[in-house]
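**Student:** Got a sequence here, can you model it:
(2 chains)
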There are 2 protein chains.
Amino acid sequence: MIKDNPTACILIIGNEILSGKTQDLNTEFLAKELSKLGIKVTEGRTVLDIEDEIIKAVHELRSKCDYVFTTGGIGPTHDDITAKTMAKAFNRDYTLNEEADKILTNFYKENNITPTTHKMAYMPEGVELIRNPDSAAPGFIIENVYVMAGIPYVMHSMFNATKHTLKKGKAILNHAVDIFITESTISRDFEALQQHYPEVEMGSYPFKRRDNWGTTLVLRSSNEREFNKAVDELGKMLNNY
Amino acid sequence: MIKDNPTACILIIGNEILSGKTQDLNTEFLAKELSKLGIKVTEGRTVLDIEDEIIKAVHELRSKCDYVFTTGGIGPTHDDITAKTMAKAFNRDYTLNEEADKILTNFYKENNITPTTHKMAYMPEGVELIRNPDSAAPGFIIENVYVMAGIPYVMHSMFNATKHTLKKGKAILNHAVDIFITESTISRDFEALQQHYPEVEMGSYPFKRRDNWGTTLVLRSSNEREFNKAVDELGKMLNNY
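**Tutor:** Okay, the predicted model is just below:
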């Protein structure tokens, strides 16, 4: 399997996801991008904007994974409680970050915004900022937790600004084949292949196109040699159908 | 807020979500449908196809929420370990469910499929089936856990077949307004409104359209009287901008 790679957990913070108002797109983006860096995502969670829930989830996840990426709740309104909550979670003061304040003040001036609050410059003490080339308000890194915006394209700009700081893992190789054979028909052979290559993670995902059932077979591994052999053998196996 | 309603947690099971191969669409669907029934979704999790992870998550979530809905991992291939894992989680035998077996046998006959396994009829002992009008293989209910397929439209057909068994809550009322005012400008007034109506959950979500920043303000509550008053007052507040 993929066992020596760094690991990451994703924590989505926001009532809007759990009410069904908003489709979460951040998990998929982060999962894809982290995979490219050889970082394996091992868990995702979505919690409400409730202090205790966020604190519990952050501590649980950060003890399980090398990195935790959070998205959501760092805006200027009363329901944005992530920054303050992180201060509490890590026993730090929640104070004005002068660097962030400077960035925001310039941004407001340039965009003729008269903010009623400078809340987005308040953060736990002693964090490292995550720049946000798109809309100024920065995220931050606190220990192994990367705190980012919820809006997908703002989060993307933050992730891209910070990904060079992450410890990369061995490339996670990926091979996917679509076949018009049902899972039930192929399951035995596919299981035998998996047993032969324990270092290659094999998944099978049914689909239906124009009323025909098919299956996507996926092989993933960070062991290149075993991966290549398994891909070869899968090809031979499929020739028998 | 929404406090006396039944609660639900969502557990997405599958490597494909955390590898970034597949965008999870099930959380949003379930969140929307459950909201319509007055059931409040309080947490979502996504785990890998790993027995221990699934068992831990199921137990944690089912002690927190009235209902847990799982999706994924009930197909016929080796990576589909959800049914067997649920048997272990609940200390039940993992055995052939005769009712499920009959359904599947008929389906295979009608569709000229020669399965190499009848695995999809194996389940924890003593469960109630969740019918699947779409592709036959049923899900099941074990205590307060609803175990369903991962493919969205199959899961939808299962959810629709079983939703009449759920305890409904008071309707969760929802009001959303889009305004072309930034969150930073409106945050103080909006917070004052929230403080005035603690029984109404108020959220603010920025967006950018054609280079203009705007904000979606969302009010939610199961207290109809307070909700109506808050919606009225929000309208008056926005007239001042």
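
**Student:** Doesn't A:R92 lie inside a helix?
**Tutor:** No. Assigned with DSSP: H, G, I helix; E, B strand; the rest coil, A:R92 falls outside any helix and is coil.

**Student:** The residue nearest to the spatial centre of chain A: what secondary structure?
**Tutor:** Centrality entry for chain A: nearest residue to the mean C-alpha point is A:L30, 3.2 Å, by CA atoms, centre = their mean. Secondary structure for A:L30, judged by three-state DSSP, is helix.

**Student:** tell me which residues in the top helix by length along chain A are buried?
**Tutor:** Longest helix in chain A by number of residues (criterion: DSSP state H): helix A:224-239. Under the neighbour-count criterion of 16 or more other CB atoms under 10 Å in any protein chain shown, helix A:224-239 has A:E226, A:F227, A:A230, A:V231, A:E233, A:L234 buried. From N, CA and C alone the C-beta is placed, and that goes for glycine too.

**Student:** show me where pLDDT drops low in chain A?
**Tutor:** Counting by pLDDT under 70, chain A has low-confidence residues at A:1-2.

**Student:** same thing but at 80, please
**Tutor:** Scanning chain A for pLDDT under 80 picks out A:1-3, A:113, A:116-117.

**Student:** can you pull out the strands in chain A?
**Tutor:** A:7-13, A:40-47, A:67-71, A:94-96, A:122-124, A:128-130, A:139-142, A:145-148, A:173-179, A:201-209, A:212-221 (DSSP state E).

**Student:** Would you give the sheet partners of the second one, along with the direction of each?
**Tutor:** It stands for strand A:40-47. Using DSSP bridges, the strands paired with strand A:40-47 are strand A:7-13 (parallel), strand B:40-47 (antiparallel).

**Student:** again, but for the fifth one
**Tutor:** As defined by DSSP bridges, the strand partners of strand A:122-124 come to strand A:94-96 (antiparallel).

**Student:** burial count for the nearest residue to A:N174 once chain neighbours are set aside?
**Tutor:** In space, A:N174 comes closest to A:R220 once its chain neighbours are excluded; the distance is 5.3 Å by CB to CB, 6 or more residues apart in numbering or on different chains. If you count neighbours by other CB atoms under 10 Å in any protein chain shown, A:R220 ends up with 23.

**Student:** give the contact list for A:R220.
**Tutor:** Contacts for A:R220 (CB atoms under 8 Å, 6 or more residues apart in numbering or on different chains) come out as A:I2, A:I172, A:L173, A:N174, A:H175, A:V200, A:E201, A:M202, A:G203, A:F227, B:N15, B:S19.

**Student:** In CSV: these, plus distance to A:P133.
**Tutor:** Converted to CSV, these look like this (distance: CB to CB, whole Å):
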residue, distance to A:P133
A:I2, 32
A:I172, 28
A:L173, 32
A:N174, 29
A:H175, 35
A:V200, 39
A:E201, 35
A:M202, 40
A:G203, 36
A:F227, 36
B:N15, 33
B:S19, 28
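
**Student:** biggest separation within the residues you listed, which pair?
**Tutor:** Of all pairs drawn from the contacts of A:R220, the widest gap by CB to CB lies between A:F227 and B:N15 and measures 15.4 Å.

**Student:** Can you say which of the strands of chain A is packed in most?
**Tutor:** strand A:67-71 (a mean of 28; mean count of other CB atoms under 10 Å in any protein chain shown).

**Student:** Which strands border it, and is each parallel or antiparallel?
**Tutor:** Strands that pair with strand A:67-71, judged by DSSP bridges, come out as strand A:7-13 (parallel), strand A:145-148 (parallel).

**Student:** And it, how far out from the chain middle?
**Tutor:** How far strand A:67-71 lies from its chain's middle: 7 Å, per CA atoms, centre = their mean, to the nearest Å.

**Student:** hang on, A:R188 packs against B:T117?
**Tutor:** Yes. Counting by CB atoms under 8 Å, A:R188 touches B:T117, with 6.3 Å between them.

**Student:** who touches A:K84 in this structure?
**Tutor:** A:Y94, A:Y122.

**Student:** Apply 10 Å and report the result again.
**Tutor:** Shown in contact with A:K84 (CB atoms under 10 Å, 6 or more residues apart in numbering or on different chains): A:E51, A:I54, A:G73, A:I74, A:Y94, A:K119, A:Y122, A:M123, A:P124.

**Student:** Leaving out sequence neighbours, find the closest residue to A:E98.
**Tutor:** Nearest one to A:E98, counting by CB to CB, 6+ apart, is A:A121 at 7.9 Å.

**Student:** A:E99 is in contact with the one you found, correct?
**Tutor:** Yes. If you go by CB atoms under 10 Å, A:A121 and A:E99 touch, sitting 8.5 Å apart.

**Student:** how much space between the closest residue to A:E28 other than its chain neighbours and B:I12?
**Tutor:** Using CB to CB, 6+ apart and skipping residues adjacent in sequence, the residue nearest A:E28 is B:Q23, 4.6 Å away. Counting by CB to CB, to the nearest Å, the gap from B:Q23 to B:I12 is 11 Å.
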